[in-house]
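1. what would the 3D arrangement of this be:
(chains A and B)
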2 protein chains.
Amino acid sequence: MTSFMEVLSGALPTNAILTGDAAAPYLTDWMGELKGEALAVLRPSTAQEVSRIVTICRDAGVVIVPQGGNTGLVGAATPVTKRAAVVVQLGRMNRIRRVDARDNAATVEAGCVLATLQAAAEAEDRLFPLSLGSEGSAQIGGLIATNAGGTMALRWGMMRDLVLGLEVVLPDGRIWSDLSSLRKRNLGIDPKHLFIGAEGTTGIVTAAVLKLVPRPAARATAWLALSRLEAGPEFLSLALQHAGGAVDACELIPRQGLSFASAHVDGAQSPLDPTPDWAVLMEISGPDAEHLQETLMSLLEVAMDRDLVCDGVVAASEGQRRDLWFLREAIVEGQRLAGFQIKHDIAVPVAEVPEFIRVASDRVSKLDAHVLVSAFGHLGDGNIHFNLSPSASADPAELSKCVYGTCLEFGGTISAEHGLGRKKKKIAKDLQAVQTCPFEIESLLDPQRILNPLSES
Amino acid sequence: MTSFMEVLSGALPTNAILTGDAAAPYLTDWMGELKGEALAVLRPSTAQEVSRIVTICRDAGVVIVPQGGNTGLVGAATPVTKRAAVVVQLGRMNRIRRVDARDNAATVEAGCVLATLQAAAEAEDRLFPLSLGSEGSAQIGGLIATNAGGTMALRWGMMRDLVLGLEVVLPDGRIWSDLSSLRKRNLGIDPKHLFIGAEGTTGIVTAAVLKLVPRPAARATAWLALSRLEAGPEFLSLALQHAGGAVDACELIPRQGLSFASAHVDGAQSPLDPTPDWAVLMEISGPDAEHLQETLMSLLEVAMDRDLVCDGVVAASEGQRRDLWFLREAIVEGQRLAGFQIKHDIAVPVAEVPEFIRVASDRVSKLDAHVLVSAFGHLGDGNIHFNLSPSASADPAELSKCVYGTCLEFGGTISAEHGLGRKKKKIAKDLQAVQTCPFEIESLLDPQRILNPLSES
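-> You can find the predicted model right below:
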């Protein structure tokens, strides 16, 4: 009788099958919190090879965990499973097949790194408007499977909004190819949405057609001290009204986040002295640099008149702009370097952000008097990364339960842009926090549940 | 034994059940092309009543055809069915439950008319950015079920992009309520997309939370003569680059469309003399009137320099702006009044629009030397209404086959924004024109297929 591994070896090139030490880097998640096991890590080069893998695994009852750049934060790509599993890592399918400036569309394979696509779009005077901290490693397939968000979702939407067409290997091994760039196409239920955000539970994305937009000729970027946290949503609302559709990003920056950054990241210093309790990093972009600057200055004038903003700096060069964004990302890196932390990727209605932060901060402080709270992120979407650096004696599970419970009281969600993966699936179930999908879609489409059965961890 | 109608009478108020003459207006489609039959037309007032209807129909094996404003063009809401059917008309569920300007969201019932929501948003200094010819009658539930498009989809997307939350009665009678306004919420497969664009085959939408945007303080509108049809996509591309995110609409206007309008619609006259073969109606909007005018004028200067545009008028007042949009809509009305027509709602990649129009026009003229072609619509999305007024001796089916076949050769779709409904379902099957959905979702979710079985006509 031929073993599973023998069948795989017959179906794939030798260098597409990793085991032992070569496989190890793919078995642990980015945070180093989950450690999985797999019969092999498979690195196919074509959709046909992916299809063969799925067919072989289906016949053998082996679970498949798809993986992109392995930058996810919720363990969706780590093979912690009850049944025998393989990891299918898409990194070798990394070609940009086409960037069509006339059609404002790019066709890319699943393993293409986000930053590579951003650069390819820019070379054609276009922008691929998804931007996030891990863009140097995150891959398109994973970004689609997790419906990634990031700093520009306020203006351009999440990954879902940027996907025009998909190629997917289905749970039964069929290749479903629909690499269309059409903007409007009403043919009943749109199958794309069975895969976007599905965390690899219904199919393995192998390629996609993505939307591009004109590359803005200019940007204007400001780091602004809010007069008080409550001014944040009002400032955002004013900015959206004042700057029309030009607001790309509006990020909330807490003083604690800057403390982490300046303590642990070289060159990370608050641009404002004194460092305000709360700041926003706002960026607008458009075709006309002079008009952008005028828009920004008149917005600031109104915001200061209304006592929403009390101090600020405006980037005077691309270098200064990059420094401000470096500082924004240093908040994440600084807290990581500071030691153990508990991340919470939540969202509440935008107007509720200040009150949510106050109430949740009070409550976690009551559970752990020395907890440090860095509540930062995408004010524009109500998506706050409510990250805690607890004291050694604190109970992380209790703190998380408190944060998620408070979030739900505010009409929020326990997952905004990271997904549920393996880590949050259990939490969601315990808290009954997730609006139940009215159908068991995964089981209807994949009765054997061989594709990334997240609940079986 | 209690009859089906007796059970219904026991479950619904008397005035919610229409039969005979009272039911007749709901049994024919807007175009007057399809005539259906139903045991009754039901007009529920609550989701609970809809739920009761679904349960009763499921137990009796009676088909349900959901209906909104009955403005659809493909017969999805007309009860032409092989099995006994009822129509569920949502028009009595027409409340706007909430317009929340702070949260940029509105909660509305399915039967709310689009224009009513537009007005309610405007009263709160917000815009609901969906606009189409039938907005005075079309209802929100139908607009969601058909994923409506319209003139502003270029900037704001289709209905799918504007839906934040839904309340739906499922095929088994359960009410699934998810009326959330959150912007980001990644919890696996997003169930909304099982219903949006599904033409009532998977559930009956009873309410929705919809996205609002800041109301633009100003608009600039121009009617421009293209130097030639081929200049259209290039002008669009220039406008998108030049005006940043401010382009709301870019509509293609053919001379033949204006001929229909001026011949049959009072007050419809071309604003340009001579009337160009091809024009575009472009609108940009934003917070600053002066800047918009400057943007528009400098765009026109470049477009004329590059010989993309050779003549034009700019609306100098809100009245003149309305006149231009009136003329745009008069193209549709004029052709309807001119007699029998064959509508084709197709899309091709934007850059292919000119060549598609030329080739398709040539081909239909070879089949019918006297056919009049009005190819107008949403250049910005590549969505052209390629509408024919054929001579009496022509074969409509042959003409349509030619148009759809040509569209497919250009990588296009035979349905862009109207959907397939009953009318196009057959055509799609005959032409094998539709990328097959890889799963039989409707049957998986509704094994009895009592919800709008479009293929059973």
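
2. for the longest helix seen in chain A, packing partners?
-> Ranked by number of residues, the top helix in chain A under DSSP state H is helix A:318-337. For helix A:318-337, the contact count by 3 or more CB pairs under 8 Å, 6 or more residues apart in numbering or on different chains; DSSP states H and E identifies strand A:218-226, strand A:247-254, helix A:255-264, strand A:278-286, strand A:372-378, strand A:383-389 as packing neighbours. (C-beta placed from N, C-alpha, C; glycine too.)

3. one more time with 10 Å, if that's ok
-> strand A:218-226, strand A:247-254, helix A:255-264, strand A:278-286, strand A:309-314, strand A:372-378, strand A:383-389 (3 or more CB pairs under 10 Å, 6 or more residues apart in numbering or on different chains; DSSP states H and E).

4. lowest confidence element among the helices and strands of chain A?
-> Counting by mean pLDDT, DSSP states H and E, chain A has its least confident helix or strand at helix A:423-431, which shows a mean of 85.

5. picking that back up, now the longest helix of chain A against strand A:383-389, angle please.
-> 50 degrees (axes from the mean of the first three to the mean of the last three CA atoms, to 10 degrees).

6. please export the C-alpha coordinates of helix A:318-337 as CSV.
-> Provided in CSV are the C-alpha atoms of helix A:318-337 (Å, rounded to 0.1, in the frame of the first residue of the first chain):
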residue,chain,number,x,y,z
GLU,A,318,8.5,63.2,2.3
GLY,A,319,11.2,62.4,4.9
GLN,A,320,9.2,64.0,7.7
ARG,A,321,6.1,62.2,6.5
ARG,A,322,7.9,58.9,6.7
ASP,A,323,9.2,59.7,10.2
LEU,A,324,5.6,60.2,11.4
TRP,A,325,4.5,56.8,9.9
PHE,A,326,7.6,55.2,11.4
LEU,A,327,6.6,56.5,14.8
ARG,A,328,3.1,55.1,14.2
GLU,A,329,4.5,51.6,13.5
ALA,A,330,7.0,52.0,16.4
ILE,A,331,4.1,51.9,18.8
VAL,A,332,3.4,48.3,17.8
GLU,A,333,7.1,47.3,17.8
GLY,A,334,7.8,49.2,21.1
GLN,A,335,5.1,47.4,23.0
ARG,A,336,6.3,44.0,21.6
LEU,A,337,9.8,44.7,22.8
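
7. quick check: the spatially most central residue of chain A vs A:Pro447, distance?
-> The centre of chain A sits closest to A:Ala148, judged by CA atoms, centre = their mean, with a distance of 3.6 Å. Look at A:Ala148 and A:Pro447: by CB to CB, to the nearest Å, they are 29 Å apart.

8. same question for stretch A:314-324, mean pLDDT?
-> Mean pLDDT, stretch A:314-324: 97.

9. for it, which positions count as buried?
-> Neighbour counts using 16 or more other CB atoms under 10 Å in any protein chain shown place A:314-315, A:321, A:323-324 of stretch A:314-324 among the buried residues.

10. again, but for stretch A:101-114
-> Neighbour-count burial for stretch A:101-114 flags A:101, A:103-114 (criterion: 16+ other CB under 10 Å).

11. kindly report the residues of the stretch 351-457 of chain A close to chain B.
-> Counting by CB under 10 Å from any CB of the partner chain, the residues of the stretch 351-457 of chain A lying close to chain B are A:351-352, A:378, A:380-383, A:411-421, A:424-425, A:428, A:433-445, A:454.

12. rewinding a little: can you lay out the helices and strands packed on helix A:318-337 as CSV showing distance to B:Gln89?
-> Below are the helices and strands packed on helix A:318-337 laid out as CSV (distance: least, CB to CB, whole Å):
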stretch, distance to B:Gln89
strand A:218-226, 50
strand A:247-254, 41
helix A:255-264, 54
strand A:278-286, 45
strand A:309-314, 51
strand A:372-378, 41
strand A:383-389, 39
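
13. which of the ones you listed sits closest to A:Gln89?
-> strand A:383-389 (26.9 Å; CB to CB).

14. packing partners for the closest one?
-> Against strand A:383-389 (3+ CB pairs under 10 Å, 6+ apart) you get strand A:247-254, helix A:255-264, helix A:318-337, strand A:345-347, helix A:353-367, strand A:372-378, helix A:396-409.

15. what's the closest non-adjacent residue to A:Lys184?
-> By the measure of CB to CB, 6 or more residues apart in numbering or on different chains, the closest residue to A:Lys184 outside its immediate chain neighbours is B:Ala416, 4.1 Å from it.

16. thinking A:Asn387 is in contact with A:Ile342, fair?
-> Yes - the pair A:Asn387 / A:Ile342 is scored as a contact, 6.9 Å apart, by CB atoms under 10 Å.

17. neighbour count: these two, which is higher?
-> Neighbour count, other CB atoms under 10 Å in any protein chain shown: between A:Asn387 and A:Ile342, A:Asn387 has more, with 25 against 17.

18. can you verify A:Pro171 is assigned to a helix?
-> No - counting by DSSP: H, G, I helix; E, B strand; the rest coil, A:Pro171 falls outside a helix, being coil.

19. hmm, A:Arg58 and it touching each other?
-> Yes - A:Pro171 lies in contact with A:Arg58 (CB under 10 Å); the separation is 7.3 Å.

20. what comes up buried for stretch A:166-176?
-> A:166-173, A:175-176.

21. before we move on, back to that, biggest separation within the buried residues of stretch A:314-324, which pair?
-> A:Val314 and A:Asp323 (12.4 Å).

22. who touches both of these two?
-> Shared contacts of A:Val314 and A:Asp323, defined by CB atoms under 10 Å, 6 or more residues apart in numbering or on different chains, comprise A:221, A:223.

23. which parts of chain A belong to which domain?
-> Following automatic domain parsing, chain A resolves into domains at A:10-92, A:96-214, A:218-334, A:345-431.

24. low-confidence regions, chain A specifically.
-> Within chain A, the ranges that satisfy pLDDT under 70 run A:1, A:433-435.

25. ok, 90 please
-> A:1-2, A:31, A:244-245, A:425-438, A:455-457 (pLDDT under 90).

26. buried only: go through the residues of the stretch 351-457 of chain A next to chain B for me.
-> Neighbour-count burial within those applies to A:351-352, A:378, A:380-383, A:411-421, A:424-425, A:428, A:433-435, A:437-439, A:441-442, A:445, A:454; the criterion is 16+ other CB under 10 Å.

27. what about those residues, which are in strands?
-> Applying DSSP state E to these, the entries found in strands are A:378, A:383.

28. out of the buried ones among the residues of the stretch 351-457 of chain A next to chain B, name the ones that lie in helices.
-> A:424-425, A:428, A:441-442, A:445.

29. before we move on, back to that, quick check: the residue nearest to the centre of chain A touching A:Trp156?
-> No - the criterion here is CB under 10 Å, and A:Ala148 misses it with A:Trp156 at 11.9 Å.

30. pull up the overlap in contacts between the two.
-> Common neighbours of A:Ala148 and A:Trp156 (criterion: CB under 10 Å, 6+ apart): A:130-131, A:162.

31. output those residues in TSV, with neighbour count, distance to chain B and secondary structure appended to each entry.
-> Formatted as TSV, the shared contacts of A:Ala148 and A:Trp156 follow (neighbours: other CB atoms under 10 Å in any protein chain shown; distance: CB to the nearest CB, whole Å; DSSP: H, G, I helix; E, B strand; the rest coil):
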residue	neighbour count	distance to chain B	secondary structure
A:Leu130	26	13	coil
A:Ser131	20	15	coil
A:Leu162	23	11	helix
